[in-house]
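Trainee: whatever this is, show me its structure:
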Amino acid sequence: MVQDSRGAESYASINITVGSSAPVLLDLTISVLEIEADQPTDVVTTVRLDDPDGTTDTVRGELASGGVTEALYFRDDGQGGDQVENDGIWTNRGTWLVSEGSWAKVEVYAIDGELVSPAIVQTIPIVRPSDGGLVEWLTNSGLPFLVISMLVMGLAGMAYQRRRSLEIIKDLAEIERWSSFVPTEMDLEFDEESGPTPPQDPKE
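Mentor: Sure thing, here's the model as predicted:
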């Protein structure tokens, strides 16, 4: 409202539109590409906060796997794994221990008063010793069994071959003994007593 020296008044109004000051999270980074089940793993997670009015002071997250969730608390104060204070890079450092599921999901969001940023999400695979495939199976269980089986079969084959060779040698010796047989003296005396049959007289 404006009033001049004569007392006249004039009114004017303007509309001011204030853009949303809700924070935005970018560049979620996790220090591991996969996590082994049932093995404690030290993990550093960082995210960049874009907060135009600079009023956001809370960044939270969740680690979910196999229906189990764990809260993640981020900081930008140069402590607890955070490299530089108030540089807009929020950091969580902790030990993860997952047991169930095939994937671990990390979901991070920022809170500015009553405003909550859209969540930023990333997943990483959960691996187990059995996921190593054929090579690991051969190394851990299959290969020793295979080697032992082949060794036993080889020894059995060698034993059978040796026994067969001995039998063949025995048979050859028996054949050789019979092929070199010499008539006994009794046989010779029998032949002498028998003698040749005298020829018959044609006149008879």
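Trainee: I'd say residue 44 and residue 31 touch.
Mentor: Yes: proximity of residue 44 to residue 31 meets the contact threshold set by C-beta atoms under 8 Å, at 4.2 Å. Any C-beta I mention is one placed from the backbone N, CA and C, and that applies to glycine too.
Trainee: pick out whichever of those two has more residues nearby.
Mentor: residue 44 (15 against 12; other C-beta atoms under 10 Å).
Trainee: how far away is the more buried one from residue 90?
Mentor: 12 Å (C-beta to C-beta, to the nearest Å).
Trainee: try residue 45
Mentor: For residue 45, the distance to residue 90 - C-beta to C-beta - is 9 Å.
Trainee: run a quick neighbour tally on residue 92.
Mentor: Neighbour tally, residue 92, other C-beta under 10 Å: 24.
Trainee: list the contacts of it.
Mentor: By C-beta atoms under 8 Å, 6 or more residues apart in numbering, residue 92 lies in contact with 44-46, 61, 72-75, 81.
Trainee: looking at those residues, spot the one nearest residue 154.
Mentor: Using C-beta to C-beta, residue 44 is the member of the contacts of residue 92 that lies nearest residue 154, at 53.5 Å.
Trainee: spit out the contact partners of the residue nearest to residue 50 when sequence neighbours are not counted.
Mentor: In space, and not counting its chain neighbours, residue 50 is closest to residue 24: 4.4 Å by C-beta to C-beta, 6 or more residues apart in numbering. By C-beta under 8 Å, 6+ apart, the residues touching residue 24 are 49-51, 110, 117-118.
Trainee: which helix in the protein runs the most residues?
Mentor: Using DSSP state H, we find that the single longest helix of the chain is helix 143-179.
Trainee: what's it packed up against?
Mentor: If you count contacts as 3 or more C-beta pairs under 8 Å, 6 or more residues apart in numbering; DSSP states H and E, helix 143-179 packs onto no helix or strand.
Trainee: mind listing what's buried in it?
Mentor: Buried residues in helix 143-179, counting neighbours by 16 or more other C-beta atoms under 10 Å, are absent.
Trainee: quick one: mean pLDDT for that helix?
Mentor: The predicted model assigns helix 143-179 a mean pLDDT of 80.
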